[in-house]
Structure formats: C-alpha cells, structure tokens
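Chemist: build the 3D model from these lines:
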Amino acid sequence: MEEMKEPTTNQKKNMEHWKLISAALVIYDIFAVNFSYFVALWMRFDLKYSAIPKEYLSAFVKFAPIYTVLCILVFWFFRLYRSLWRFASYKELVNTAAATVVTTVIQVLGITFLFHRMPFSYYLWGTLLQFILTLGIRFSYRFYLLETKGRNKVENKVPLHPVMIVGAGNAGHMILRDINKTKNTRDEVLCFIDDNSNKWGRFIDGVPIEGGRDEILPAVEKYGIEKIYIAIPSASRQELRDLINICKETGCQIKNLPALYQLVTGEISVSRMKDVAIEDLLGRDPIKTDLSEVFSFLNGKTVLITGGGGSIGSELARQVASHQPKLLVLFDIYENNIYNIQQELRRKYKTDLNMICLIGSVRDSRRIWDVMETYKPDVVFHAAAHKHVPLMEVSPCEAIKNNSIGTYKTAYAAMANGVKRFVLISTDKAVNPTNVMGATKRMCEMILQTFDQAIKEGWYDKLPQICEHDQKNKPMPKPETQYVAVRFGNVLGSNGSVIPLFKEQIAAGGPVTVTHPDIIRYFMTIPEAVSLVLQAGYYAKGGEIFILDMGEPVKIDDLAKNLIKLSGLKPNEDIQIVYSGLRPGEKLYEEKLMAEEGLQKTRNDLIHIANPIMFDKTEFLEQLGQIIDVCNSNDVKNTIRIIEMIVTTYKPECRDK
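Modeler: Predicted coordinates:
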C-alpha cells in the first residue's frame with residue numbers, strides 16, 4: 001500500500017488549533033451544564049442559598065458528576081465539538097436543541113430515580129439556561145467574526161467596490177454570504193435585483209431588493225455600483241442575453257454564475273463567478289448531440305486525427321478520448337501543440353488511454369501512407385489545414401499544397417488502407433469563395449465527393465495517386481470508406497480567431513481593430529464544432545456535406561463594442577475602435593451553402609445536409625493534376641487561374657466595399 005504522507009507544518013498547526021478549541025468547549029460545557037441547574041435550583045428558592053433544602057442540594061451534588069459525563073458524550077455525539085462554528089447555521093442550531101432535549105431527559109430521569117425528585121421549575125429553568133449557555137458561546141464566535149469583518153471593512157481606507165446581485169434566489173444569497181465571509185474581498189453588496197415582484201421592497205440579510213430588471217440602471221446610479229453579479233444559473237441563453245444587454249449599458253464589470261449544477265453541488269462562490277463570455281450574447285442555446293450515439297460510434301475503434309494539436313483537433317482528441325477508443329492517433333506538423341494535448345490527456349487518463357502522438361505533414365504522402373498502413377484507423381478526422389485568410393492570399397501555392405493536395409493524399413491513403421469513415425473539417429468560406437483559403441476548402445469538398453463517387457461506381461483504381469510510394473503497384477481491395485465534410489462558421493476562441501484578438505487589444509489599452517462596421521459572421525463554440533464533427537461521423541453514409549444551423553449572424557462591430565462594455569469600459573471613450581478596411585479575400589458576409597445546394601434534415605434539427613452540386617469528376621482530376629505542377633513551380637498567377645477553373649464560384653476579383 002502507498003505510504004501515508006506526513007502532515008505539513010500548517011496542517012499540524014490547524015489540527016492542534018482544532019483540538020484546543022474542542023478542549024476549551026468541553027471545559028466550558030462542564031461549567032455551563034452544572035451552573036445552569038444550580039442557578040435553576042437557586043432561583044426556585046428566591047435566590048437564597050441557605051433556603052435550599054439539604055435533600056435537593058445533596059441530590060444535585062451527587063448527580064452532577066454523572067450528568068456531566070453523560071452531557072459531554074451526548075454533545076460529542078451531536079457534533080457540538082466538531083462543527084466549524086464560524087459557519088454555524090440552522091443545522092448547528094438543531095443539533096444543539098436536540099442535544100439539550102436528550103440531556104434534559106437524562107437529568108429528569110436520572111436525578112429523580114437515582115436520588116430525589118426535584119421541583120418542576122428546576123427542570124424547566126435548568127433546561128432553558130443550559131440551552132442558552134451552550135448555544136450562546138458557539139454562535140457568539142460567528143457573530144464576532146462577522147462584526148470584526150464588517151468593522152475592518154469600515155476602518156480600512158481602501159475603497160470598497162459596490163456590488164449589485166441580479167437574482168435574489170438561493171444562488172444570489174450564497175454569493176452574498178460568500179462575499180460577507182471572505183476576508184480579503186473588497187466587494188460590498190448594496191442591492192439585489194429580481195423580476196419576482198413578491199420580493200420587491202424586502203431584504204436579504206439586510207440588503208434591499210430594489211425591483212426588477214427595469215430598476216438596474218436607476219439602482220446602479222443610486223448606489224454607485226461598480227460590479228454586477230448575475231446569479232441566475234437556471235436562466236436560458238435568451239434570458240441571459242437580455243439581462244447582459246441591460247447590464248452592459250451601465251459600464252459596470254459584469255460576472256455570471258457558470259452553471260446550475262454548481263448550485264446543486266454547493267460550489268457557488270464569488271471565486272467561481274466568471275467574466276461574462278462573449279458567446280453568452282449569441283442569442284441561442286448550445287447545440288446538443290446524442291452522446292450515446294457517438295459512444296457507440298467511437299468505442300473500441302482506432303481513431304486518427306490530423307491536425308491533432310490545433311483548436312478543433314485538440315478538442316476532438318479530448319472528446320474521442322472520453323469515449324474509450326481502442327487507439328487514439330494524433331498527427332500534426334507542429335510539435336508544441338501536439339505535445340500540450342498529449343500531456344493534458346496523459347494527466348487525465350494516465351494508462352487508461354491508449355494514445356500515440358506523431359509528427360508529420362499531410363503533404364508528405366509517404367508519411368501519411370505509413371501512418372495509415374501501420375495503425376489501420378477505423379475513423380479519420382481530417383483537421384489539418386492552413387486557415388488564415390490574409391496569409392493564404394499571399395501564399396496561394398502553399399494553401400493548395402497543404403489544404404487541397406494534402407487532403408487528396410490523406411483521403412487516398414485512407415481508402416487504400418481500409419478506413420471506414422473519413423470526416424473533413426470544412427468552412428462556410430467554401431461557399432462562393434472570394435479568398436484562396438475558402439476556394440481550397442471547396443476543392444477539398446470536391447475531392448471527397450470524387451472519392452465517394454469513385455468507390456460507389458467502382459472506378460476507384462483509376463484515381464491518380466499523385467505521389468510515388470512503395471505501395472503503388474500493390475492491388476487494392478475494394479474500399480468501403482465513407483467520405484463526409486462538415487462545414488463550420490467562425491469558431492469562438494480558436495487560435496487566431498477574432499475574440500482572443502479583441503481581448504488582447506483591450507488588455508493593451510486599445511485600439512480594437514474591426515475591418516468594416518457592417519461585416520457579419522456566423523459563430524459557434526469549439527465544443528459545438530466538435531459535437532458536429534462527431535455527429536457527422538456517426539450519420540455518414542458517404543458524400544454528404546453537413547451544415548450547422550448557427551442562428552442569426554452577428555456583427556463583428558457589435559461583438560467588439562460588447563466585449564469592451566463587458567470589460568467595464570466605454571467604446572470610443574476608454575477604448576477606441578478603428579476600422580481598418582476589408583482584408584484581401586475578405587467579404588462582408590459568409591454563406592452556409594450555395595444557391596444550388598438544398599438542405600436535407602437529420603435527426604438533429606440543427607444539423608442539415610447540403611445536396612451535392614454535380615461536376616465533371618474526370619475533368620476535375622485533370623485540373624487537379626495541372627494545379628499540382630503549377631504549385632510546385634510556385635507560379636501564383638497560373639495557380640489562381642486554375643483555381644477559378646476548378647471552383648467556378650470562386651471570384652477573386654470580388655471584394656465587398
């Protein structure tokens with residue numbers, strides 16, 4: 001067995017302090033229980049000691065040692081020596097009352113049957129005094145701490161931060177108690193807001209409930225509020241957005257209670273309040289998926305994730321790891337990212353997860369073939385890609401090599417080595433693209449549709465291998481790979497996305513740069529993106545492009561202004577917003593599908609399938625061969641020309657003004 005660790009010095013001091021407190025309470029209780037009944041007897045005979053009959057006094061003296069020992073045992077049983085009295089509440093009151101009842105029964109029966117029946121007032125007043133003395137000393141400690149804390153706040157010259165709590169329920173009360181009992185906080189709750197009119201004009205621990213949400217702005221001005229804590233863990237996304245929209249107009253710092261489960265588990269505290277996240281303003285509930293379906297899809301399978309160290313790839317790794325795969329293979333060109341997710345998963349799962357992390361590029365057909373042949377994955381999630389629009393505009397050949405040709409090589413190696421499902425991470429920028437990155441991702445979708453048709457129609461052996469490798473001349477068994485793509489909007493919090501950039505700019509004092517005041521985008525969170533990938537992998541039959549209903553698009557300008565307000569600052573006063581102009585390849589709006597594409601439903605109402613657009617697969621493969629030669633010679637002009645030939649909806653000269 002593992003050896004017990006020696007207690008630290010601080011732990012030893014805390015243990016000794018606890019024992020000293022318990023010992024002091026025992027000594028006090030020995031005095032209190034005997035003093036209570038002696039005073040009761042003394043009061044019965046008009047406060048004259050000489051008037052007490054000898055038989056009563058003798059009975060009291062003889063029973064006192066017995067009663068004292070029994071009282072200490074009863075008090076110990078009811079945890080009166082093991083409770084933290086600085087947090088004493090209703091439970092400790094009930095325990096003290098129960099202990100008093102039991103000891104009263106012992107007093108009445110013991111002294112009566114063993115020695116002498118005492119006057120009724122002796123039992124009555126003795127019980128009452130004992131309860132007051134034993135309870136009083138314990139609760140007085142808590143009251144002393146609260147009074148001392150309040151006095152220290154008044155005496156401390158550092159200004160307090162006036163706080164408003166929105167939500168006068170259990171969560172709000174817990175936040176108030178946590179603020180009051182925390183030693184180092186400079187917060188002071190001055191008012192509550194709650195939409196329940198039955199609570200208006202009343203008080204919680206002396207703090208007034210000013211009214212409903214219409215009173216937020218007047219109350220902020222009345223009390224000089226600096227911070228607003230939203231403590232409504234059961235609020236829907238729409239309700240939360242409405243509240244935040246009101247609160248952000250005050251210029252106060254806003255924090256939000258994370259989740260309802262923390263109310264149930266008792267984890268609510270000021271330290272667990274989080275800054276209001278920008279995704280709280282998207283105005284829709286998160287996408288939910290059937291995890292039981294995903295579990296059956298991944299359990300016991302070998303799963304390969306290309307780009308496994310990126311934002312989407314690493315979250316995919318986390319989710320796949322939680323579904324008990326037979327083997328998880330992470331593949332990435334950038335060793336730092338893949339190292340980080342490797343260490344994270346090893347810390348969490350230790351030896352319960354069979355995982356291997358590999359370094360390599362999807363542009364290297366020999367490397368990706370070797371990985372497929374060695375580990376024989378059942379499922380491939382292809383997340384490796386160059387994704388930054390402006391960077392790809394100035395390096396279009398590299399975008400083609402990595403995104404399009406890298407996808408072709410990975411898809412071919414998957415087909416030849418028995419992969420059952422191949423899921424591509426695509427983007428809404430592939431729809432009517434005005435930039436190279438979007439055009440290359442549309443080519444990736446076309447590649448998968450070509451592979452799907454080749455397998456279904458039986459001409460898969462006619463697919464060019466593009467690059468030489470050792471397996472070229474070996475016969476290929478009939479493949480059964482199902483190829484699908486998942487089309488995303490902008491992913492909140494991913495590497496290089498707009499929200500982290502805005503936060504960095506605000507932290508630096510501004511300015512916040514927005515390309516255009518009217519630019520809009522669809523947004524989704526990383527967990528939503530990954531849930532869609534996993535769901536698509538389960539739904540796949542081959543050739544589909546899955547699309548998420550991301551709700552209404554959001555103006556980037558509004559996101560910037562809201563993020564500034566949620567930081568307690570004022571747009572264009574504390575933090576300037578600068579419009580830098582649309583970047584090369586950027587358009588004002590993104591589309592989720594092309595006009596020719598229709599939508600099919602899935603069992604998830606927020607996940608749809610785009611009907612495939614027909615194109616000449618033979619011509620496409622010829623054009624793909626041409627663009628490979630052109631890219632290898634770094635001929636940018638001809639690369640763009642061939643992209644226009646392949647992706648007919650690509651309009652590089654189109655720039656929204």
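Chemist: CA atoms for contacts and neighbours, from now on please.
Modeler: OK.
Chemist: residues contacting residue 565?
Modeler: Listed by C-alpha atoms under 8 Å, 6 or more residues apart in numbering, the contact set of residue 565 reads 248, 249, 251, 252, 253, 571.
Chemist: switch to 6 Å and redo it
Modeler: Applying C-alpha atoms under 6 Å, 6 or more residues apart in numbering, we find residue 565 in contact with 248, 251.
Chemist: over to residue 361?
Modeler: Residue 361 touches residue 333, counting by C-alpha under 6 Å, 6+ apart.
Chemist: can you give me the end-to-end distance of stretch 40-54?
Modeler: 16 Å (C-alpha to C-alpha, to the nearest Å).
Chemist: again with stretch 371-387
Modeler: 24 Å.
Chemist: ditto for stretch 321-338
Modeler: By C-alpha to C-alpha, the extent of stretch 321-338 from end to end equals 15 Å.
Chemist: now it, how far from the chain's geometric center?
Modeler: Mean-position distance between stretch 321-338 and its chain equals 22 Å (C-alpha atoms, centre = their mean, to the nearest Å).
Chemist: buried residues, it. List them.
Modeler: For stretch 321-338, the buried set under the neighbour-count rule, 16 or more other C-alpha atoms under 10 Å, comprises 321, 323-334, 337-338.
Chemist: return the helix or strand in this structure with minimum mean pLDDT.
Modeler: When each helix and strand of the chain is scored by mean pLDDT, DSSP states H and E, helix 261-264 comes last, with a mean of 37.
Chemist: now the helices for the stretch 201-350 of the chain?
Modeler: Using DSSP state H, counting those that start in this stretch, the helices of the stretch 201-350 of the chain run over residues 216-223, 237-247, 261-264, 291-298, 311-321, 335-349.
Chemist: so what's the predicted local confidence for the closest residue to residue 429 other than its chain neighbours?
Modeler: Closest residue in space to residue 429, ignoring its immediate chain neighbours: residue 438 at 4.5 Å, by C-alpha to C-alpha, 6 or more residues apart in numbering. What the model reports for residue 438 is a pLDDT of 91.
Chemist: host element of residue 438?
Modeler: helix 436-457 (DSSP states H and E).
Chemist: ok, residue 368 next?
Modeler: Counting by DSSP H and E, residue 368 is part of helix 365-375.
Chemist: how about residue 29?
Modeler: helix 9-44.
Chemist: show me what counts as buried in the helix or strand that that helix is followed by.
Modeler: Once the chain leaves helix 9-44, the next helix or strand it forms, by DSSP H and E, is helix 54-77. Neighbour-count burial for helix 54-77 flags 56-57, 59-60, 63-64, 67-68, 70-72, 74-75 (criterion: 16+ other C-alpha under 10 Å).
Chemist: make a markdown table out of those and add distance to residue 32.
Modeler: A markdown table is the format used below for the buried residues of helix 54-77 (distance: C-alpha to C-alpha, whole Å):
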| residue | distance to residue 32 |
| --- | --- |
| 56 | 19 |
| 57 | 18 |
| 59 | 18 |
| 60 | 14 |
| 63 | 15 |
| 64 | 12 |
| 67 | 12 |
| 68 | 10 |
| 70 | 14 |
| 71 | 11 |
| 72 | 11 |
| 74 | 14 |
| 75 | 13 |
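Chemist: any weak-confidence spans in the stretch 101-250 of the chain?
Modeler: 139, 141-159, 182-185, 237 (pLDDT under 70).
Chemist: mind listing the strands for it?
Modeler: With strands called from DSSP state E, counting those that start in this stretch, the stretch 101-250 of the chain shows them at 161-166, 187-193, 203-204, 207-211, 227-230.
Chemist: parallel or antiparallel, list what pairs with the fourth one.
Modeler: Pointing back at strand 207-211 there. strand 187-193 (parallel), strand 203-204 (antiparallel) (DSSP bridges).
Chemist: can you tell me what sits against the last one?
Modeler: Contacting residues not belonging to strand 203-204 are listed as residue 209 [C-alpha under 6 Å, 6+ apart].
Chemist: cutoff 10 Å now
Modeler: 168, 169, 172, 173, 176, 191, 192, 209, 210 (C-alpha atoms under 10 Å, 6 or more residues apart in numbering).
Chemist: next one: it to chain centre, how far?
Modeler: Centroid separation between strand 203-204 and its chain, computed with C-alpha atoms, centre = their mean, is 31 Å.
Chemist: please apply the same query to stretch 483-502.
Modeler: With C-alpha atoms, centre = their mean, you get 17 Å for stretch 483-502.
Chemist: do the same with stretch 506-526
Modeler: Worked out by C-alpha atoms, centre = their mean, stretch 506-526 lies 22 Å from the chain centre.
Chemist: next, the angle from the helix or strand where residue 645 lies to helix 436-457.
Modeler: For residue 645, the enclosing helix or strand under DSSP H and E is helix 636-646. For helix 636-646 against helix 436-457, the angle by axes from the mean of the first three to the mean of the last three C-alpha atoms, to 10 degrees is 50 degrees.
Chemist: which elements pack onto helix 636-646?
Modeler: helix 396-399, helix 436-457, helix 617-632 (3 or more C-alpha pairs under 10 Å, 6 or more residues apart in numbering; DSSP states H and E).
Chemist: buried ones in the second one?
Modeler: Judged by neighbour count using 16+ other C-alpha under 10 Å, the buried positions of helix 436-457 are 436-455.
Chemist: quick one, what contacts residue 249?
Modeler: So residue 249 contacts 216, 217, 562, 565, 566, 568, 570 (C-alpha under 10 Å, 6+ apart).
Chemist: now do residue 118
Modeler: 41, 55, 56, 57, 59, 60, 108, 111, 112 are the contacts of residue 118 under C-alpha under 10 Å, 6+ apart.
Chemist: so how far is residue 615 from the third one?
Modeler: Going from residue 56 to residue 615 by C-alpha to C-alpha gives 109 Å.
Chemist: and what of the fifth one?
Modeler: Counting by C-alpha to C-alpha, the gap between residue 59 and residue 615 amounts to 107 Å.
Chemist: no further questions, thank you.
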